[in-house]
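Colleague: structure for the following, please:
(4 chains)
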Protein chains: 2
Amino acid sequence: MPKTLAAKSDGSPGVVYRGIVDGLYRGRYVPGQRLVEADLTRDFEVGRGSVREALSRLAAEGLVSMNLHRSATIRSLSRAETRDLVALLEVLNGFSARLAAERVEEGANRKMMAEAYATLADPEVQRDFLRFARARNAFYKTMTTIGANHELARLMPRTNVDLIRVQFRSYTTVDDDLRMEDYRAIYDAIDEGSSRKAETAAKTHIRRLGDAIDKLPDAAFAG
Amino acid sequence: MPKTLAAKSDGSPGVVYRGIVDGLYRGRYVPGQRLVEADLTRDFEVGRGSVREALSRLAAEGLVSMNLHRSATIRSLSRAETRDLVALLEVLNGFSARLAAERVEEGANRKMMAEAYATLADPEVQRDFLRFARARNAFYKTMTTIGANHELARLMPRTNVDLIRVQFRSYTTVDDDLRMEDYRAIYDAIDEGSSRKAETAAKTHIRRLGDAIDKLPDAAFAG
DNA sequence: AATCTGAAATTGTCGGACAATTTATCGTCG
DNA sequence: CGACGATAAATTGTCCGACAATTTCAGATT
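Modeller: Below you'll find the model as predicted:
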């Protein structure tokens, strides 16, 4: 049946790909966990080739790591890797926010941004880890979409941001109120079309996140 | 025979992957060209699965584009895509140069950087497109390596820089002397450990490249 | 010449097969 | 009893063949 149906959108590999990313958020998979091809083949009811393709795509994005003749594993960030990733995200998000501010006037951009922020700011949403994570991703994605730099959109390591979120989900990194203040500052700067302010606000937010992560105990990291 | 040998380093998919990237530089493949799986299977003497994996890896990096049920093709940049890519490279290379300047004192970094620059500055090398392209890649790679941000190193869209180089190889983008001046400025700033200067120099160089590309005729672009 | 139609080409996916390698198991020995 | 090493099991890397889904192409029709 999977042979003829070909799934809805992206084919069998896409099913596995999305299934694993989703499973990460739902806690079915945790950093460091082994992903055995045979198991995935059974769970998702697709051929091993499709599983393989999904895994290599995930590996290309950095969400899983593959070593020769060793099972793929959900990547687990070391302290150094996390620091590197945060530093990079600071640059990329700053760039993304700047572009978004520059183009907020065009089309329905202002409205899209407002909606994304409204969802993120909803106290109801903030109480649910899964819903908040989705809203946060949507917020950043909207920002990037508005910025309209397709190469940036292609590169934005959403999945590795996912990794940070998931790996440190049980630790409170940044105070909730402070975090929402950051998002508000980013949103306001974009809304008012101030590219300079938007870039700074985004960078400040990420830097604050990095500082908080630096204070986490070693137990939160791998290797 | 390929079944048991497993190739030297990265397996059969790696052979195909490297073969295509190399073929791009050698002019065997040109942007827009179709890559038929059966042909690659014959040319590289590997199974179709391996070809497929190589293609999807290349697609993940943006060097080839794959559409459902349509052959993979060497990606060909439109004017807008090129502009987006250049803007992104400006940010990333600026970041990379800044990090390199910050760490030039450590280990053998200064020496490595000097060697990479020396090769790039060799008039002999500059006369050969292939050798110069390699030297240029080595220069940037060294810069990134010295910067020691592994996430940046993982993300650096080397292959898409390749695309720019290859797609516009028959056009003179920036005057050779001016270009070498740019590289020298970047190198000097890194060597003297001035992160601010290095970032600016790298950004200036990319921006200059972007300006030159803007002046190219439509015929140089796709779509 | 433009359009339609059906055959050929090509991709997407599956299942099976087997070598290479890693991982787990277990018996032996100090 | 625990370290060590050999053997078995598990797992990955790769190839092959098959067939449906889709696109592409060539020829026929209008």
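
Colleague: which pLDDT value goes with the residue of chain A found nearest DNA strand C?
Modeller: Minimum separation of chain A from DNA strand C (C-beta to the nearest atom of the strand) falls at A:Gly11, amounting to 2.1 Å. Backbone N, C-alpha and C define where each C-beta goes, glycine included. We have a pLDDT of 89 for A:Gly11.

Colleague: ok, it - how many residues close by?
Modeller: Residues lying near A:Gly11 (other C-beta atoms under 10 Å in any protein chain shown) number 19.

Colleague: ok, it touching B:Leu68?
Modeller: Yes: A:Gly11 lies in contact with B:Leu68 (C-beta atoms under 8 Å); the separation is 7.3 Å.

Colleague: can you list the low-confidence ranges for chain A?
Modeller: Within chain A, the stretches with pLDDT under 70 are A:1-9.

Colleague: residue of it closest to chain B, please.
Modeller: Closest approach between chain A and chain B, counting by C-beta to the nearest C-beta: A:Ala60, at 3.8 Å.

Colleague: report the secondary structure state of that residue.
Modeller: helix (DSSP: H, G, I helix; E, B strand; the rest coil).

Colleague: how near is it to B:Ala54?
Modeller: Computed as C-beta to C-beta, to the nearest Å, the A:Ala60 to B:Ala54 distance reads 12 Å.

Colleague: can the helix or strand that contains A:Val16 be found next to DNA strand D?
Modeller: Under the criterion of DSSP states H and E, A:Val16 resides in helix A:11-26. No: Helix A:11-26 is not in contact with DNA strand D by C-beta under 7 Å from any atom of the strand; minimum separation 10.2 Å.

Colleague: got a list of contacts for that helix?
Modeller: For helix A:11-26, the surrounding residues in contact (C-beta atoms under 8 Å, 6 or more residues apart in numbering or on different chains) are A:2, A:6-7, A:10, A:29, A:35, A:40, A:43-44, A:46-47, A:50-51, A:53-55, A:57-58, A:63-64, A:74, A:130, A:133, A:159, A:162, A:166, B:68.

Colleague: how about the secondary structure of the nearest residue to A:Ala212 once chain neighbours are set aside?
Modeller: Closest residue in space to A:Ala212, ignoring its immediate chain neighbours: A:Thr173 at 4.2 Å, by C-beta to C-beta, 6 or more residues apart in numbering or on different chains. Counting by three-state DSSP, the backbone at A:Thr173 sits in coil.

Colleague: and for A:Thr173, the neighbour number?
Modeller: For A:Thr173, using other C-beta under 10 Å, the count is 18.

Colleague: just the helices in chain A please.
Modeller: Along chain A, counting by DSSP state H, helices occupy A:2-5, A:11-26, A:37-44, A:48-61, A:79-102, A:109-121, A:123-126, A:129-147, A:150-155, A:158-167, A:176-191, A:195-214.

Colleague: of those helices, which approaches B:Gly94 most closely?
Modeller: helix A:79-102 (8.3 Å; C-beta to C-beta).

Colleague: which elements pack onto that closest one?
Modeller: helix A:129-147, helix A:150-155, helix A:158-167, helix A:176-191, helix A:195-214, helix B:79-102, helix B:150-155 (3 or more C-beta pairs under 8 Å, 6 or more residues apart in numbering or on different chains; DSSP states H and E).

Colleague: quick one: the fifth one to helix A:129-147, angle?
Modeller: Going back to what we said before, that points to helix A:195-214. Between helix A:195-214 and helix A:129-147, the angle comes out at 150 degrees (axes from the mean of the first three to the mean of the last three C-alpha atoms, to 10 degrees).

Colleague: do I have it right that A:Leu155 meets B:Leu155?
Modeller: Yes: between A:Leu155 and B:Leu155 there is a contact under C-beta under 8 Å: 6.4 Å.

Colleague: surely A:Asp218 meets A:Ser78?
Modeller: No: judged on C-beta under 8 Å, A:Asp218 makes no contact with A:Ser78 at a distance of 9.9 Å.

Colleague: who has more neighbours, the two?
Modeller: Using other C-beta under 10 Å, the more surrounded residue of A:Asp218 and A:Ser78 is A:Ser78, with 13 against 8.

Colleague: the nearest residue to that one once chain neighbours are set aside and A:Thr82: what is the separation?
Modeller: Once flanking residues are discounted, A:Ser78 sits nearest to A:Gly223: 4.4 Å by C-beta to C-beta, 6+ apart. In this view, A:Gly223 and A:Thr82 are 11 Å apart by C-beta to C-beta.

Colleague: neighbour count winner among the two?
Modeller: Neighbours per residue (other C-beta under 10 Å) separate A:Gly223 from A:Thr82, with A:Thr82 holding more: 23 against 9.

Colleague: count of neighbours near the closest residue to the more buried one other than its chain neighbours?
Modeller: Once flanking residues are discounted, A:Thr82 sits nearest to A:Ile213: 5.9 Å by C-beta to C-beta, 6+ apart. The local packing of A:Ile213 (other C-beta under 10 Å) involves 22 other residues.
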